[in-house]
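Peer 1: any chance you could fold what I've pasted below:
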Amino acid sequence: MDPQQAIVDRLTAAREAVEQVCAWLLSPSPANLDRCSAVLATTSASLSPQDAWLPPARGNSQAIAEAWRLRRAVRLARNLLESAHRYHVRWSRIRAVMTDGYQPHGLSAPVSLPGTISLQG
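Peer 2: Below you'll find the predicted structure:
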């Protein structure tokens, strides 16, 4: 296979994997979130070490275009993950206030999550 085409194929596969993660993040469930972690880790590992495979792509318009599409997909995934994080942080705060009230100075009480250990001295 042509080395330049192999680079385009590698970038395309990475973009498609990230786009699949974005689709899963749009309808999150515990199973989808577990899949997201695994796919993102595998995809990230497949793109590292750039030194070995990326330099031959210089000047290849297909590879450059695909790299930009991958970049857009990664940004979308980042935005979706950050949005999910903000959502869960807010709900944790609301839950803490509803179940444990407030601490001095108006802060909500910390939430003790199932499956975690909380030690206070």
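Peer 1: so, low pLDDT: which residues of the protein?
Peer 2: Counting by pLDDT under 70, the low-confidence segments of the chain come to 1, 50-53, 96-97, 99-103, 108-121.
Peer 1: the same query, at a cut-off of 80, please.
Peer 2: 1, 3, 28, 30, 48-58, 88, 92-121 (pLDDT under 80).
Peer 1: go through the longest helix seen in it and flag the buried ones.
Peer 2: As far as residue count goes, and with DSSP state H defining each element, the longest helix of the chain is helix 61-100. By neighbour count on 16 or more other CB atoms under 10 Å, the buried set for helix 61-100 is 63, 66-67, 69-70, 73-74, 76-77, 80-81, 96. For glycine as for every other residue, the C-beta is placed from the backbone atoms N, C-alpha and C.
Peer 1: which strand or helix spans the closest residue to residue 70 other than its chain neighbours?
Peer 2: Setting aside the residues directly before and after it, residue 70 is nearest to residue 15 in space (CB to CB, 6 or more residues apart in numbering), at 4.2 Å. Secondary-structure element containing residue 15, defined by DSSP states H and E: helix 3-26.
Peer 1: okay, angle between that helix and helix 61-100 too, please.
Peer 2: Interaxial angle of helix 3-26 relative to helix 61-100 (axes from the mean of the first three to the mean of the last three CA atoms, to 10 degrees): 20 degrees.
Peer 1: could I get the buried residue list for helix 3-26?
Peer 2: Of the residues in helix 3-26, those buried by neighbour count under the rule 16+ other CB under 10 Å are 7-8, 10-11, 14-15, 17-22, 24-25.
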